[in-house]
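Engineer: Turn this into a model:
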Amino acid sequence: MPGYVAGVSDGGYRRRSARVLLVDRAERLLLFRFFNEERPQDRASWLAPGGGVNPGEELAQAAARELWEEIGLVVAAPVLGPVVAFTSGYVDLGWAVGVFRDDFFFLRVDGHEVDTSQLDERERRQLTGHRWWSVEELAGTGELVYPFGLVPLLTDLLAGRIPAVPVQLPWHH
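Structural biologist: Below is the predicted model:
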């Protein structure tokens, strides 16, 4: 959503997140392994870099900030282009309960050495690893990967089919 500013157009969401589908030259997608220590009964999952949008912050600015904080990649917000997909629904993470919305940008890079040194204490405990995934690996995994519907979306994006409007993906909780 171009022009979205947290706290102004939040639509009643408990939390807005800006995430990036980051793909390297080998067409592999970077995902973090996430384990919610406050809900140890939940399965670990894999998710795209990104996180909460701060009050007054535009989605692309939040996504660019999160890339720096989580993986050490410096990107100017306009380089991210438009939001390509979103998902929304109710979740109870222990530390936050309510309706969440994740918006996704798509970015290609030649490569990137992931640097997690800027993660805060909670992120260090919950983001327990990272991995570059091929579409084939994602399609064949038994691991829990968010967002649902990622493989068809990623296949289209890699083929250069950028949606004219963001694709709505199924909610994952």
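
Engineer: I'd like the distance between the spatially closest residue to V167 that is not a sequence neighbour and Q168.
Structural biologist: For V167, ignoring the flanking residues on the chain, the nearest one in space by CB to CB, 6 or more residues apart in numbering is A85 at 4.3 Å. C-beta: built from backbone N, CA, C; applies to glycine. Distance of A85 to Q168, given as CB to CB, to the nearest Å: 7 Å.

Engineer: Compare those two (neighbour count), which wins?
Structural biologist: A85 (24 against 11; other CB atoms under 10 Å).

Engineer: residues in contact with the more buried one?
Structural biologist: L21, D103, F104, P147, L153, P163, P166, V167, Q168, L169 (CB atoms under 8 Å, 6 or more residues apart in numbering).

Engineer: Give me the phi and psi angles of S45.
Structural biologist: When read as degrees, to the nearest 10, the backbone of S45 gives phi -140, psi 170.

Engineer: residues contacting it?
Structural biologist: So S45 contacts R33, F34, E143, L144, V145, Y146 (CB under 8 Å, 6+ apart).

Engineer: where does the residue nearest to it when sequence neighbours are not counted fall, phi/psi-wise?
Structural biologist: In space, S45 comes closest to L144 once its chain neighbours are excluded; the distance is 4.1 Å by CB to CB, 6+ apart. Note on L144: backbone dihedrals following degrees, to the nearest 10 are phi -80, psi 120.

Engineer: if we can go back for a sec, just the ones of the contacts of S45 in strands?
Structural biologist: Here DSSP state E is the test, and the contacts of S45 give R33, F34, L144, V145 as lying in strands.

Engineer: between those, which has the most around it?
Structural biologist: V145 (20 neighbours).

Engineer: and the nearest residue to P78 once chain neighbours are set aside, which of the three is it?
Structural biologist: Using CB to CB, 6+ apart and skipping residues adjacent in sequence, the residue nearest P78 is A60, 6.9 Å away. Recorded secondary structure, A60: helix (DSSP: H, G, I helix; E, B strand; the rest coil).

Engineer: what sits against A60?
Structural biologist: Per CB under 8 Å, 6+ apart, neighbours of A60: P2, A18, A77, P78, L80, F105.

Engineer: and it, how far is that from L31?
Structural biologist: 20 Å.

Engineer: same thing with V135?
Structural biologist: Computed as CB to CB, the V135 to L31 distance reads 12 Å.
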